[in-house]
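S.K.: sequence and predicted structure are below.
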Amino acid sequence: MVAEWVLAIAEATTAVAAVTGVGVAYWQLSEIASQTRIQGDRERQWQTIAACQRYINDPVLVEAKRRIWVARGNGTQDHISDPQSVRQDAIFLVNFLDTIAIGVRQKVYMKDIVKDNLAIIMMDAVARFIEGGWGDFKINKDHLRDLVALVQELRDQRPIHTAVP
């Protein structure tokens, strides 16, 4: 009879240990999953920052911006007299920004980081090159749907600031 009690206690202890082991394993797996998500988010952050920095650092983009600057009389004119002379540069810039917008839509890039780094640049590019602010570049906005949609969303979210009297 004592042996049965010892056996029952041993089985109960084994059961408690098994349940505890399962609980610990579940906790460890959930921690691993959490760490993996955090690492993935950090990687997305760095990829987004790197993509945004390319607008500033990429030599081809820098040269395209320089040619557009020169076409604006070294930045002194609000209009480009011959938009077709820098049309390819404008297309290159808006295509790059559209690629970023596609990445945001597909959740490859993080919208908040893109917004903080490129929102004004994107809004200006759409206004100047697609909507005709600097001239008619003959750029079809239907080919840049993601950029146009993101810019519209950014415009809708952007608060209007007024000077305090």
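M.R.: The structure has been received and is ready for your questions.

S.K.: what residues does stretch 50-61 touch?
M.R.: 62, 92-93, 96-97, 100, 103, 109, 113-114, 117-118, 121 (C-beta atoms under 8 Å, 6 or more residues apart in numbering). C-beta here means a position set from N, CA and C on the backbone, and glycine is covered the same way.

S.K.: with respect to residue 151, which of the residues you listed is nearest?
M.R.: Nearest to residue 151, judged by C-beta to C-beta, of the contacts of stretch 50-61 is residue 97 at 8.7 Å.

S.K.: buried residues in the host helix or strand of the closest one?
M.R.: In this assignment (DSSP states H and E), residue 97 forms part of helix 87-105. Buried residues in helix 87-105, counted by 16 or more other C-beta atoms under 10 Å: 87, 89-94, 96-104.

S.K.: that helix - contacts with which helices or strands?
M.R.: helix 2-57, helix 59-71, helix 111-125, helix 145-157 (3 or more C-beta pairs under 8 Å, 6 or more residues apart in numbering; DSSP states H and E).

S.K.: ok, which of these comes nearest residue 80?
M.R.: Once the helices and strands packed on helix 87-105 are compared by C-beta to C-beta, helix 59-71 is nearest, at 4.9 Å.

S.K.: quick one: average confidence on the closest one?
M.R.: The pLDDT scores in helix 59-71 average 94.

S.K.: and what of stretch 120-135?
M.R.: Over the span of stretch 120-135, the pLDDT mean works out to 91.

S.K.: can you give me the end-to-end distance of that stretch?
M.R.: With C-alpha to C-alpha, to the nearest Å applied, stretch 120-135 spans 19 Å between its terminal residues.

S.K.: list the buried residues for it?
M.R.: 122, 123, 125, 126, 128, 129, 130, 134, 135.

S.K.: how about the last one, phi and psi?
M.R.: As for residue 135, its main-chain torsions (degrees, to the nearest 10) stand at phi 130, psi 170.

S.K.: for residue 144, see how far away the residue nearest to it when sequence neighbours are not counted is.
M.R.: Spatially, and ignoring its direct neighbours in sequence, residue 135 is nearest to residue 83 (3.5 Å; C-beta to C-beta, 6 or more residues apart in numbering). Using C-beta to C-beta, to the nearest Å, we find residue 83 at a distance of 16 Å from residue 144.

S.K.: over to residue 122?
M.R.: Taking C-beta to C-beta, one finds residue 122 at 10 Å from residue 144.

S.K.: what kind of secondary structure is residue 73 in?
M.R.: coil (DSSP: H, G, I helix; E, B strand; the rest coil).
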